[in-house]
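Student: Build me a structure from this.
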Amino acid sequence: MFYRNDEDGSFCVGYLRGDFGERGDEFRHNWFDNISGANRNTPEFKAEFQNVMEMLRGEILKDYSSCAAYCQSHPEAKLPDGDGNRYGFKIETESRQYYVRCTTFRDDYFYVYACDKAAPVLEKPSVMDEIKAAQKAQREQPQTPKPGRGRKKSETEL
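Tutor: Predicted coordinates:
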């Protein structure tokens with residue numbers, strides 16, 4: 001949910017893409033409505049989104065330095081996308097979930113995805129859940145002894 005997914009876009013209200021400008025202290029952004037054509041960008045949503053953004057702009061999205069510091073202080077939020085510099089945070093309200101993707105790259109965008117909470121797509125396991133499940137399954141597999149490393153027979157078994 002931290003990346004745009006056109007298949008699941010019908011459950012997304014839309015998303016904000018932004019950056020902190022060349023100096024790192026600006027707040028430049030664009031809003032993109034969902035691609036499905038369903039208009040979820042209601043006055044009620046806009047009021048809620050405004051509150052969420054005010055909270056984010058007070059801490060995580062205050063400026064580049066604040067964003068990078070927040071990400072680095074939350075290593076558990078690192079997204080498994082390969083470059084190791086993207087972090088994901090989830091905010092829940094009564095009716096929606098907001099997925100905030102930040103980066104420690106100075107010239108990259110941050111994103112805030114707004115999704116209806118009741119949407120079936122949100123019940124899918126997250127990428128992190130899938131990775132953890134695969135790791136757990138791997139740990140729980142019975143270990144087969146390596147050739148030549150079997151247990152020694154006792155004298156009574158000989």
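Student: make it CA atoms for all contacts and neighbour counts henceforth
Tutor: Fine.
Student: is it true that residue 66 lies in a helix?
Tutor: Yes - checked against DSSP: H, G, I helix; E, B strand; the rest coil, residue 66 lies within a helix.
Student: Spit out the contact partners of it.
Tutor: Counting by Cα atoms under 8 Å, 6 or more residues apart in numbering, residue 66 touches 59, 60.
Student: now it: how far from residue 72?
Tutor: 10 Å (Cα to Cα, to the nearest Å).
Student: got it, and residue 14?
Tutor: Taken as Cα to Cα, the span from residue 14 to residue 72 is 27 Å.
Student: higher neighbour count, those two?
Tutor: Taking other Cα atoms under 10 Å, residue 14 and residue 72 do not tie; residue 14 has more neighbours (22 against 17).
Student: how about that one, what does it touch?
Tutor: 31, 32, 33, 34, 41, 113, 114, 115.
Student: where's it, which helix or strand?
Tutor: strand 12-19 (DSSP states H and E).
Student: Enumerate the positions of that strand that are buried.
Tutor: Neighbour-count burial for strand 12-19, with 16 or more other Cα atoms under 10 Å as criterion, is recorded at 12, 13, 14, 15, 16, 18, 19.
Student: Skipping adjacent residues, who's closest to residue 90 in space?
Tutor: In this structure, residue 90 finds its nearest non-sequential neighbour in residue 99, 4.7 Å apart by Cα to Cα, 6 or more residues apart in numbering.
Student: now for the strand or helix carrying that neighbour, which elements pack on it?
Tutor: Using DSSP H and E, the element containing residue 99 is strand 96-103. Other helices and strands packing on strand 96-103, by 3 or more Cα pairs under 8 Å, 6 or more residues apart in numbering; DSSP states H and E, are helix 64-72, strand 86-92, strand 110-116.
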